[in-house]
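Q: Got a sequence here, can you model it:
(chains A and B)
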2 protein chains.
Amino acid sequence: MALTTEEVTTQVLEMGKKARAAALELAVLGAEKKNEILRAMAAGLRAQASEVLAANALDIAAGEERELSSAMLDRLRLDETRLEAVAAGIEKVATLNDPVGEQLAQWQHPKGFSIEQIRVPIGVIGIIYESRPNVTSDAAVLCLKSGNATILRGGSEAIHSNRAIAKALQEGGEAAGLPANAIQLIPFTDRESVKVMAGMDQYLDLIIPRGGKGLIETVVSLARMPVIKHYDGICHVYIAEKADFAKGIDIAVDSKTQKPSVCNALETLLVNESIAAEFLPQLAEAMEEKKVELRGDEKTQQILGDRVKAASEEDWSMEYLDYILAIKVVASVEEAMAHINQYGSKHSDCIVTEDNAEAEKFLRGVDSACAFHNLSTRFSDGEEFGFGAEIGISTDKLHARGPMALRELTSYQYRLRGEGQIKAR
Amino acid sequence: MALTTEEVTTQVLEMGKKARAAALELAVLGAEKKNEILRAMAAGLRAQASEVLAANALDIAAGEERELSSAMLDRLRLDETRLEAVAAGIEKVATLNDPVGEQLAQWQHPKGFSIEQIRVPIGVIGIIYESRPNVTSDAAVLCLKSGNATILRGGSEAIHSNRAIAKALQEGGEAAGLPANAIQLIPFTDRESVKVMAGMDQYLDLIIPRGGKGLIETVVSLARMPVIKHYDGICHVYIAEKADFAKGIDIAVDSKTQKPSVCNALETLLVNESIAAEFLPQLAEAMEEKKVELRGDEKTQQILGDRVKAASEEDWSMEYLDYILAIKVVASVEEAMAHINQYGSKHSDCIVTEDNAEAEKFLRGVDSACAFHNLSTRFSDGEEFGFGAEIGISTDKLHARGPMALRELTSYQYRLRGEGQIKAR
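A: Model prediction:
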C-alpha cells in the first residue's frame, strides 16, 4: 500500500520532531546510564532474536525472488551467530570511553571568568544506508553512545530485518531508561523519504549516507544540513628512489591483496623511474603469485612487456576493489604527489623510502586524510587506529576526516562561568 | 556589459581550478613565510591606497545614485584612517600563532608504528558576502594565515572597492612569495556566480556566506559542499529563583544595551515566577533609563502594567537588534531551558543564579554554542575568547561552533610512520 508524498512528508517530519526532543534528553544522560541502556539493547536484541530472524527470512525470500546475487543475499542474511555478534558488538561499545563531557580546553578571561570547551553530542543524526541490516544496529549504537538521537533509513532489501532490529533495540533500551524515539527507523522505503530527510535541517543536524556513489550523490545534491561522505578509496603507494625493495613489495602486496574489496586497498602503484627497471619485475612476480592483473603506463609496459596490460587514462581514477593494479612510472616525488592530488580520493596514500626528508615532504604534500610512510594502507581503519569502533572513513575535510568513531559523532559547547562580569566596564 | 551564463560558469570554474592549485602550494608554506607575506600584503594595501580610495569613491557615487541609506553608505565608505586600520589588522594577524602543523594527538599502534594527527589547512574556502569592503581583506587574510586559498564574491555595492583591495593584497603578497591565485575575487556580481560557486565542490572545500538570512538561505539550498552558517543571535538571559538581583540587572542591561545591533545581544529575558514581582519593576527601571521598549507575556503585564507592551508569539523568535526586549515569566529552570531550546538560535544564553547546581543543569541543558553563568552574553566573541581574530560566530554544530577564528579554518591529517608493517602478519 503505497503512501502519498504528503503522507511520507508528514510522517518523516513528525519523526524528526520527536527525535529532536529525544536528543535533548539523551544529551544529559551520564556515561554509566548510557552503558546500562546499551547492555539492555543487546539483551533486547537477544530476547527478540526469533522475531528478527523471522523478519530476515522474509527479506531473504524477497531477495531470492528478485534474483539478487549470492553476494548480495549473503550480506543480507542473518543467523544466530551473526545476530549474537551484533549483540556482542553493542556490549563492546558499552565498554568504550564516553566522549561526551570531555574537556577540550579551559582558560581564563582577563576579567577573571572561565571559558571551558566541552564535548557535547551533535544532536540528531540521519543515517541513510543500503542493504546490510547490521548497519541498523551499528549506527544506532554508536550514535547513542555519543549521546545522539538517530533516524535510520535503510534500503528496501532489508526493510523487514531493519524494522525488527530497530524495534528490539528501542524496546530493549527503554527497559533501562532509553528516551522514547531515541532510535527511529523510517518504516517504509519510498524514495521520497530521503528527500524529506535531506530537507529537514530544523530537525537533523547531520546526515551520513552509507552506500554507493549514487546514494551519496543524491544526498549531497538535496541536503540542507552537513553531509559526511565516504566516497571512494583510490589509494596509492609510491615506491621512491631510496625505497627498501623488500618493504616496498610487502607493502604493495598487502595493501592490494590483503582485502581488495575495501576502500583502504591499493589501486595505483607509482614507481620512481630510476629504480623502475629493477623494482617492477620483482613486484610483478609477487603480484602474479596473488593473481593480480597489472595495468601499466608506457614505461611500465617497456619494462614488463606482456606481463602487463596497457593502462588508459580512466585507470588512474578507478577504484577496482578487485585483483587489478594500475602502475605508473614517475620522475620524482613531486610528480608522484601531483598524480595523487589529481587522481586520488584524498583517502590513504603511502610513500616507501628510506629517505626520511623525502618521506616528510610527501606526508605534507599529499592532500590525503591518512598519509603513510613505509606502512600498508590497510591500517587506515578505526579499529587499527584504536578507536574501538568505526562509523566510516570520511573523505571530507570538514568536521571529521579519515576514520570516524565516537569522538567524530560529537560537537562542542563553550561554557562560561562568571560572577557578574559585564562588557561595559 | 552583462556576461552570459556560460561565460560566468566558465570563468568561475577556472578560478576554482586555479585556487585548488594555489591551495596545495599554500598548505606547505611555513609560518614565518606566511607572516612575511601578510606584512607584504599590508604594505601592498598602503602602496595602492589611492587606487583603493578612488575605486571606493565610484562605489559611493553609485550608492548615492541608488539612494542607499546613510547607514549603508557609511558601511561602504573607506578613508585613509579606515584603510590604515585594515592594513594594521593584517599586521596583527601576522603576529598570531599559526594553527597549521599543530600536533593534535600522537600515539603508537601495537605493531610499533606511530599515528600522528596534525592540523592542516582546509584547502579552498569560498566567502560570499554583502556590502562592507573590509570583509575582502579580513576574510582573505584569515584564510591565508591558516593556509587556505580563497575565492571571494562580494556584493555589487562594493565591487570597485573589492576589486581594488583584492588586487592590492594579491600583488603585495606576491612580492613576498604569495602563490598566484591564492586570493581571487570574482570580478563581476552576477547572481549566477553564487550558483556556480555553490555547485563546484570539486574545487571548494567550504563556503561561508556572510550576510542576511536571504543570502544564507540561497547558499544552503544550493551548496554541495559544507556551509558554515552565521544565523541569528536570539540570545536569552534567565533570572533564576536564587539570582543576585544586582548581577541580574547589570547582566541584562549590558547584554541588551552595550551594543544592541550585534548577534550576541540579549533579545528575550526569562524570569522565574517566584521572584518576578520583586525583580521586574527594578529591571524595568534600569531598562527605561536606557530607553528600552519592553514587551511582556501576560504575567509580566500583570506585574509591570502599562510599563510593558503585550508580547505576541512572534516576539519569542525575534532578533530585534534594537532597543526592544521581550520578557517572559517561567515556572522553573526546566521551562526556561525548554523555551530557549525551542525559540532560541543556539547562539549564546545565560543563567543568573547563586545556585551552582542549577547553573550547571542549565549549562548542560541548553543546546547553545555558548552557555553562560552570571556573565553578559556580549562576551560571546572571538576577540573576547582570546582568539585574536574572528571570521564569525557559527550557529552550526558541525566542524565549528560559536566564535570562529584561525583554528576553525583548519582540518587535520593523520600521518603514519612505519618500518614496513603490513596487516597480513
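Q: looking at it, residue A:286 is touching residue A:249, isn't it?
A: Yes: counting by CB atoms under 8 Å, residue A:249 is a contact partner of residue A:286 at 5.0 Å. Glycine gets a C-beta too; all of them are placed from N, C-alpha and C.
Q: And residue A:294, which helix or strand is it part of?
A: Assigned by DSSP states H and E, residue A:294 belongs to strand A:293-296.
Q: buried sites along that strand?
A: A:294-296 (16 or more other CB atoms under 10 Å in any protein chain shown).
Q: got it, and stretch A:102-119?
A: Applying 16+ other CB under 10 Å to stretch A:102-119 flags A:109, A:113, A:115-119 as buried.
Q: now swap in stretch A:234-252 and tell me
A: Applying 16+ other CB under 10 Å to stretch A:234-252 flags A:234-240, A:242-244, A:247-252 as buried.
Q: show me which of those residues neighbour chain B.
A: A:244, A:247, A:250-251 (CB under 8 Å from any CB of the partner chain).
Q: Which single one of those residues is nearest to chain B?
A: residue A:247 (3.7 Å; CB to the nearest CB).
Q: From the contact counts, what lies against the helix or strand where residue A:285 lies?
A: Under the criterion of DSSP H and E, residue A:285 resides in helix A:273-289. With contacts defined as 3 or more CB pairs under 8 Å, 6 or more residues apart in numbering or on different chains; DSSP states H and E, helix A:273-289 has these neighbours: strand A:235-239, helix A:245-257, strand A:266-272, helix A:298-304, strand A:324-330.
Q: Would you mark the buried spots in it?
A: For helix A:273-289, by 16+ other CB under 10 Å, it's A:275-276, A:279-280, A:283-284, A:286-287.
Q: residue ranges with poor pLDDT in chain A?
A: Scanning chain A for pLDDT under 70 picks out the ranges A:1.
Q: Any residues of the stretch 251-400 of chain A in contact with chain B? List them.
A: Residues of the stretch 251-400 of chain A lying near chain B (CB under 8 Å from any CB): A:251, A:253-255, A:258-259, A:341, A:359, A:363-365, A:367-376, A:378-380, A:384-386, A:396-399.
Q: In strands only, show me these.
A: A:370-375 (DSSP state E).
Q: quick one: which of the helices and strands packed on helix A:273-289 is nearest residue B:71?
A: strand A:235-239 (54.6 Å; CB to CB).
Q: what angle sits between the closest one and strand A:266-272?
A: 20 degrees (axes from the mean of the first three to the mean of the last three CA atoms, to 10 degrees).
Q: show me where the stretch 51-200 of chain A has strands.
A: A:103-108, A:114-121, A:124-129, A:149-153, A:183-185 (DSSP state E, counting those that start in this stretch).
Q: quick one: the longest one to strand A:149-153, angle?
A: In other words, strand A:114-121. 30 degrees.
Q: now the angle between strand A:103-108 and strand A:114-121, please.
A: Using the same axes, to 10 degrees: strand A:114-121 against strand A:103-108 is 160 degrees.
Q: Can you name every helix or strand that strand A:114-121 contacts?
A: helix A:5-27, strand A:103-108, strand A:410-421.
Q: run the last query once more with 6 Å
A: strand A:103-108, strand A:410-421 (3 or more CB pairs under 6 Å, 6 or more residues apart in numbering or on different chains; DSSP states H and E).
Q: Tell me which of these lies nearest to chain B.
A: strand A:410-421 (3.3 Å).
Q: on that earlier part again, for residue B:6, which of the strands of the stretch 51-200 of chain A is the nearest?
A: Comparing the strands of the stretch 51-200 of chain A by their distance to residue B:6 (CB to CB), the top pick is strand A:124-129, with 34.6 Å.
Q: so how far is that closest one off the chain centroid?
A: Put simply, strand A:124-129 sits 13 Å off its chain's centre (CA atoms, centre = their mean, to the nearest Å).
Q: next one: stretch A:23-36
A: 24 Å.
Q: and that stretch, anywhere near chain B?
A: Yes: if you take CB under 6 Å from any CB of the partner chain as the test, stretch A:23-36 does meet chain B, through residue A:28.
Q: Surely residue A:398 touches residue B:227?
A: No: using CB atoms under 6 Å, residue A:398 makes no contact with residue B:227, being 9.6 Å away.
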